[in-house]
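J.: here's a sequence, model it:
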Amino acid sequence: MKSTSVATLAYVIRRLFQAIPLILGVIAINFTLIHLAPGDPATLLAGEFASPEAVERLREEFGLNDPFYKQFLTYLGKVATGDLGYSYRFRAPVLDIVLDRIPNTLLLLFVSFVLSMIVAVVLAVLSARRPNSLFDNVASSLAMVGYALPMFWLGMMLILVFSSQLGWLPTGGMYSLRGERTGLAMVLDMARHLVLPATAFAAYFMAMAYRLTRSKLIETLREDYIRTAHMKGLSEREVLFRHALRNSLVPVIAVMGLDLGVMVGGAVVVETVFTWPGVGRLMYDSILARDYPLLLGIFVVVSFGVIIINLLADLVAALVDPRIIYD
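T.: Have a look, this model is predicted:
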């Protein structure tokens, strides 16, 4: 019988190999869709008053005159060597541009995810202890509202209230233009800029995590082993947190791992509304500029990131419940 560590390692390797055709499919679909979109990047780069000769030179320089299949095969060959191409707009390697923005997006995602999970679990525990109580009904109603509100609308309302009307928080960006860029002052300045986008981001996922955790926790509290734990004299706190909550979080972690992929898509909306300099804002700008290599590079990096996130979510679920063993 294989040990748990060996089985987990084999599972990780198998998942990574399974990711290869998935990434190839993502590249093929997005490459096709992007090249079918209207607009000529060479014309945008050359400018409105450029001569036809200048536009043609740009098309030759970036290989836009090559047949579609040749462009696709050339791009696949470059991706295999770690070369995601050269940005039309920034005149720099795509991988360098994306890697420069990833930490900003990861910071926003991490803060939003942690905030949403902490609030969701606390509210779910309080609701599950007394289902159908006043607190449970209010929390469930607020969760439904948070789930239904579009992120862009919530973001604009937060800016309108807390920035424009009250003046408590900045409207967007990651730093103040005249703020300190070192030490504690930089951290506090960044934290102020992070409050509104993280709140807009967390609202949707907090509502989803709350509903999943509450439902699973109520179901778990009705299991026979929970009654047995009470009969053994264990305190309600110990039964709730050590037994019920731990088992209830396993499917929630798996589902929220998938939702992290959705959060990457939501980053485009939130980062655009709050002008947060992350991958989502970069994706929006690359669409407007018809920067095909940059847009494709973002899709490749994001797809690989989502695969890694889902893999980590599965491993975390295994740590929470040691009975999960990957054969």
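J.: ok, which stretches of the chain are helices?
T.: In the chain, the helices defined using DSSP state H lie at 4-36, 41-46, 52-61, 68-80, 94-129, 134-148, 151-158, 183-221, 224-231, 236-238, 245-273, 279-288, 292-320.
J.: of those, which shows the lowest average pLDDT?
T.: With a mean of 64, helix 41-46 has the lowest mean pLDDT of the helices of the chain.
J.: now do the buried residues in stretch 93-108.
T.: Of the residues in stretch 93-108, those buried by neighbour count under the rule 16 or more other CB atoms under 10 Å are Pro93, Val94, Leu95, Ile97, Val98, Arg101, Ile102, Asn104, Thr105, Leu107, Leu108. C-beta: built from backbone N, CA, C; applies to glycine.
J.: for stretch 13-31, same thing?
T.: Arg15, Ala19, Val26, Ile27, Asn30, Phe31.
J.: now the residues you listed as CSV including distance to Met186?
T.: CSV is the format used below for the buried residues of stretch 13-31 (distance: CB to CB, whole Å):
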residue, distance to Met186
Arg15, 38
Ala19, 37
Val26, 36
Ile27, 38
Asn30, 36
Phe31, 40
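J.: which of those residues sit farthest apart?
T.: Distances among these were taken as CB to CB; the most separated pair is Arg15 and Phe31, at 24.2 Å.
J.: what's around the nearest residue to Val268 once chain neighbours are set aside, how many residues?
T.: With sequence-adjacent residues excluded and distances taken as CB to CB, 6 or more residues apart in numbering, Val268 is closest to Gly280, at 4.0 Å. Gly280 is flanked by 27 other residues according to other CB atoms under 10 Å.
J.: please apply the same query to Ala267.
T.: Using other CB under 10 Å, the number of residues around Ala267 comes to 28.
J.: from Val302, how far out is the residue nearest to it when sequence neighbours are not counted?
T.: Closest residue to Ala267 apart from its sequence neighbours, by CB to CB, 6+ apart: Gly280 at 3.3 Å. According to CB to CB, to the nearest Å, Gly280 stands 9 Å off from Val302.
J.: who touches both of the two?
T.: In terms of CB atoms under 8 Å, 6 or more residues apart in numbering, Gly280 and Val302 are both contacted by the residues Val264.
J.: hang on, the earlier thing: redo the helices of the chain as a markdown table? Include distance to Gln165.
T.: Compiled in a markdown table, these are given as follows (distance: least, CB to CB, whole Å):
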| stretch | distance to Gln165 |
| --- | --- |
| helix 4-36 | 40 |
| helix 41-46 | 38 |
| helix 52-61 | 47 |
| helix 68-80 | 48 |
| helix 94-129 | 23 |
| helix 134-148 | 21 |
| helix 151-158 | 11 |
| helix 183-221 | 13 |
| helix 224-231 | 48 |
| helix 236-238 | 42 |
| helix 245-273 | 17 |
| helix 279-288 | 25 |
| helix 292-320 | 35 |
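J.: Leu169 is nearest to which of those?
T.: Using CB to CB, the helices of the chain put helix 183-221 closest to Leu169, at 5.5 Å.
J.: and the angle from the closest one to helix 151-158?
T.: Comparing the axes of helix 183-221 and helix 151-158 via axes from the mean of the first three to the mean of the last three CA atoms, to 10 degrees yields an angle of 130 degrees.
J.: quick one, helix 183-221 and helix 134-148 angle?
T.: 120 degrees.
J.: check which helices and strands helix 183-221 sits against.
T.: Packing partners of helix 183-221 (3 or more CB pairs under 8 Å, 6 or more residues apart in numbering; DSSP states H and E): helix 94-129, helix 134-148, helix 151-158, helix 245-273.
J.: can you give me the pLDDT of Ser164?
T.: Looking at Ser164, the pLDDT reads 84.
J.: from Thr171, how far off is it?
T.: 7 Å.
J.: same check, this time on Leu95
T.: Using CB to CB, we find Leu95 at a distance of 31 Å from Thr171.
J.: which residues are in contact with the residue nearest to Val268?
T.: Gly280 neighbours (CB under 8 Å, 6+ apart): Thr105, Val264, Gly266, Ala267, Val268, Val269, Val270, Glu271, Thr272.
J.: pull the most distant pair out of those residues.
T.: Val264 and Thr272 (13.8 Å).
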